[in-house]
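Student: Show me the folded form of this:
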Amino acid sequence: MLRSLRLGTGVASAMFALALMGGTASAQLQKAPDAKKEAAPVAKKKVEKKAASPCAGLEETACKADTACSWYRETTTKKGQKRKAHCQKKPTPPAKKK
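Tutor: Got it, this is the predicted structure:
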């Protein structure tokens, strides 16, 4: 009888411990969304827009006439998407180091 009493007490204490752990885990899950709401809002950075490219929207002949622009013909990417022909400003060379 003493042996069954110890076994029953051990099982009961184990069940109690599991119940406590489960309760704290669910409490943590419930508190997590509230913490996001209480967080201070992040300030948005102001992004300055770049000036429009002088080559944007030029036709092929006008693009080829301008030395600062390059004409890119229509191509198909590896994924099968078509890229339209367009005029683009040539990249500027990096500044030389002294």
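Student: Would you map the helices across this structure?
Tutor: Assigned by DSSP state H, the helices in the chain fall at 2-38, 60-65.
Student: Enumerate every residue touching the closest residue to Thr77 other than its chain neighbours.
Tutor: The shortest distance from Thr77 to any non-neighbouring residue, by C-beta to C-beta, 6 or more residues apart in numbering, is to Arg83 (6.3 Å). Any C-beta I mention is one placed from the backbone N, CA and C, and that applies to glycine too. Arg83 makes contacts with 72, 74-77, as judged by C-beta atoms under 8 Å, 6 or more residues apart in numbering.
Student: same question, Pro94
Tutor: Per C-beta under 8 Å, 6+ apart, neighbours of Pro94: none.
Student: Check it and give its pLDDT.
Tutor: pLDDT for Pro94: 86.
Student: again, but for Ser70
Tutor: pLDDT, read off for Ser70, is 93.
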